[in-house]
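S.K.: Everything below, folded, please.
(2 chains)
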Amino acid sequence: MSALAPALPLPASAGRIGRRSMIRVTVMGYLSIAVLLPLAAIVWKSSGAGVAGLQQAVTSPETVSALELTTLASVAVALVNAVTGTLIAWVLVRDTFPGKALLNSVIDLPFALPTIVAGLTLLTLYGPLSPFGVDAAYTRWAVVLALLFVTLPFVVRAVQPVLHELDPEMEEAAAALGAGKSTTFRRVILPNILPAMLSGAVLGFARSMGEFGSIVLISGNIPYRTEVASVRIFGLIQSDDVVGAAAVSVVLLVISLLALLLVTGIERRTRRYER
Amino acid sequence: MNGRLALRLAAIGYVLLLLALPVGLIVYRAFAGGVPAAWQAMTNPDALHALWLTALIALIAVPLNAAFGVLCSIVLVRHNIRGKAFLGALVDLPLGLSPVVVGLALVVVYGRYGWLGPWLADRGYAVIFAVPGMVLATILVTLPFVVRETVPVLHEIGTDQEQAAATLGASPLQIFMRITLPAIRSGVGYGVVLTTARALGEFGAVSVVSGNIIGETQTLTLYVQDRFQSFDSTGAYTASLELAVLALLILPLMSLLRKKERS
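M.R.: Numbering: from 1, shown residues only, chains lettered A, B, ... in the order given. From the prediction side, this is the model:
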């Protein structure tokens, strides 16, 4: 598909070029003020401490512990999501039952519900006053729980359309050739939905690495135990250590940049494959 | 057939336990102290101000990002410029960014010791610990949504109709208003709904730049945290209920627009 401009030799082409560059300048200007300038500022600020200071800020035991917990929990959550998200997508596409539309709609709830509200309700449900007697508050499990809540839609919404497009004839052919259910899933379905699973899981991972609102109430933010990277940065800002906060931010920035690049790479590969 | 039933129950059970149950509980907790107490908590001036400020910020940030989103998508899809990949990455970046980092970035630019902060302060403008900073934070966090939903639709519709309109003598503005915009409407609509949801619920970024001054720079999400930490459970849950009701109003819109977009 051509992404090029309609190359029509219009008489008013001079005016058109003026309008086009005006649109470009508006877009670039908006982006520069809203995204580029703040991000450049943070990188610049983190370099204010020099290499030694930067290293010290990032390798302080509390920061290392927070980064470790965040990464570990995010990876765990991405893995769980890859499985449960695919399962939910499967049920939503291949199964029919009353209330399916409602279930489908509820999946988006974490995108619609403010994170602080999510955190508060999770605390009510799985905290000290839990009606089930499950008290996970102020533990590392609470962090995982909050992350599972906010990242639930990513894999579901990535896999769902792919499953929808998948031709059942392929599976029927596999079955006709004697493949069992698990073989069909492993050899026919999984290779088809794997890119979508991956990109959904990675997006969820990126989101988890930076999550703040849903965690802040339920985790208790105990240093060395339940303090995640975002909370650590928040704490550094509160104690007026802007340079330290900027240094940790740059670490998060690099990780999320890599994750986004990975997703773009996966999406580009799949698109090429489709052609 | 049994395996299918088990799968179905597992999927429904997981979603119920993780999503639906918590929301039901908010309602219960908000009214646990009786209806009059809940009403009083909702109509207290600080709560009302927080609600108003949340609406105000969304009303500024959402239209700006909607307009930018459409323009940016057009540049990304229809303009032939260098550095498009970079531009696309820049737009996507806030998706993976911690809201706290967003807030900090704004402090570094507009704060007391920031790049532009002192210059602006000399002219009597406060950005950090004031509403403009909170609007900027919301804009940054919600920037990608409209673009991400509009770009694929623009790709899909191609340029045939636009070219036909151009040969028939339509002006660029006419083409945009009568051909392009109607074609991308549902994509933009879905993006705007996502933007609105996130703008109403933004917490981390706003929390860093607001200073959390009660009755001044406190949005509804900040109010929830403040009330919770002051052991005012009714206040925290009634404000949460208001936000949850907004989310539940947004949810069917999401489903509707997503369905439209796919068909």
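
S.K.: Could you pull up the contacting residues of residue 214?
M.R.: No chain in the question, so chain A it is. Taking Cβ atoms under 8 Å, 6 or more residues apart in numbering or on different chains, we find residue A:214 in contact with A:115, A:116, A:118, A:119, A:122, A:146, A:147, A:149, A:150. All C-beta atoms are positioned from the backbone trio N, CA, C, and that covers glycine.

S.K.: actually it's chain B I care about, not the one you picked
M.R.: Contacts of residue B:214 by Cβ under 8 Å, 6+ apart are B:46, B:226.

S.K.: run the last query once more with 10 Å
M.R.: B:45, B:46, B:49, B:50, B:222, B:223, B:226 (Cβ atoms under 10 Å, 6 or more residues apart in numbering or on different chains).

S.K.: now, among the contacts of residue A:214, which is nearest to chain B?
M.R.: residue A:116 (4.6 Å; Cβ to the nearest Cβ).

S.K.: which SSE is that closest one in?
M.R.: Per DSSP states H and E, residue A:116 falls inside helix A:115-126.

S.K.: how about low-confidence regions in the chain?
M.R.: Just going to use chain A. Where chain A drops to pLDDT under 70, the residues are A:1-17, A:272-275.

S.K.: Chain B was what I was after
M.R.: In chain B, residues with pLDDT under 70: B:1, B:18-19, B:261-263.

S.K.: The same query, at a cut-off of 80, please.
M.R.: Along chain B, the parts satisfying pLDDT under 80 run over B:1-3, B:14-24, B:85, B:212, B:258-263.

S.K.: Kindly list the longest helix within it.
M.R.: helix B:45-78 (DSSP state H).

S.K.: near chain A at all, it?
M.R.: Yes. Remark: helix B:45-78 sits within contact range of chain A at B:54, B:64-65, B:67-69, B:71-78, by Cβ under 10 Å from any Cβ of the partner chain.

S.K.: Show me which of those residues are buried.
M.R.: Neighbour counting with 16 or more other Cβ atoms under 10 Å in any protein chain shown marks B:54, B:64-65, B:68-69, B:71-78 as buried within the residues of helix B:45-78 next to chain A.

S.K.: correct me, but residue B:142 touches residue B:196?
M.R.: Yes. The pair residue B:142 and residue B:196 qualifies as a contact (Cβ atoms under 10 Å) at a distance of 8.4 Å.

S.K.: of those two, who's got more company?
M.R.: More crowded of residue B:142 and residue B:196, by other Cβ atoms under 10 Å in any protein chain shown: residue B:142, with 27 against 22.

S.K.: domains of chain A?
M.R.: A:13-47, A:49-274 (automatic domain parsing).

S.K.: Can you point out the buried residues in the shortest one?
M.R.: Judged by neighbour count using 16+ other Cβ under 10 Å, the buried positions of domain A:13-47 are A:16, A:20, A:23-24, A:27-28, A:30-31, A:34-35, A:37-39, A:41-42, A:45-46.

S.K.: So which of those residues belong to helices?
M.R.: Going by DSSP H, the helices hold A:16, A:20, A:23-24, A:27-28, A:30-31, A:37-39, A:41-42, A:45-46 from these.

S.K.: Now do the helix or strand that comes right after the helix holding residue A:116 against helix A:115-126, angle only.
M.R.: Moving toward the C-terminus from helix A:115-126, the next helix or strand (DSSP H and E) is helix A:140-165. Following axes from the mean of the first three to the mean of the last three Cα atoms, to 10 degrees, one obtains 110 degrees for the angle between helix A:140-165 and helix A:115-126.

S.K.: Buried ones in whichever helix or strand comes after helix A:140-165, by neighbour count?
M.R.: For helix A:140-165, the following helix or strand on the C-terminal side (DSSP H and E) is helix A:168-176. Within helix A:168-176, the residues scored as buried using 16+ other Cβ under 10 Å are A:171, A:174.

S.K.: Can you classify residue B:217 by secondary structure?
M.R.: coil (DSSP: H, G, I helix; E, B strand; the rest coil).

S.K.: ugh, wrong one, I meant residue B:241
M.R.: Secondary structure, three-state DSSP: residue B:241 is helix.

S.K.: For it, give me its contacts.
M.R.: A:117, B:23, B:26, B:27, B:29, B:30, B:31, B:38, B:41, B:42, B:224.

S.K.: if you set the cut-off to 6 Å instead, what comes out?
M.R.: By Cβ atoms under 6 Å, 6 or more residues apart in numbering or on different chains, residue B:241 lies in contact with B:26, B:30.

S.K.: And it, how close does it get to residue B:41?
M.R.: 10 Å (Cβ to Cβ, to the nearest Å).

S.K.: Spell out which residues belonging to the stretch 101-250 of chain B are near chain A, please.
M.R.: With Cβ under 6 Å from any Cβ of the partner chain as the criterion, the stretch 101-250 of chain B meets chain A at residues B:101, B:104-106, B:108-109, B:115, B:139-140, B:155, B:159, B:162-163, B:166, B:197, B:201, B:203-204, B:221, B:224-225, B:240, B:243-244, B:247, B:250.

S.K.: picking up where we left off before, now the contacts of residue A:214 in TSV, with distance to residue A:76 and neighbour count?
M.R.: Output for these, formatted as TSV (distance: Cβ to Cβ, whole Å; neighbours: other Cβ atoms under 10 Å in any protein chain shown):
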residue	distance to residue A:76	neighbour count
A:115	19	25
A:116	23	30
A:118	19	29
A:119	19	30
A:122	17	25
A:146	13	29
A:147	8	27
A:149	14	23
A:150	14	23
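
S.K.: Where does the stretch 151-263 of chain B get nearest to chain A, residue-wise?
M.R.: residue B:201 (2.8 Å).

S.K.: Name all residues that make contact with that residue.
M.R.: residue A:114.
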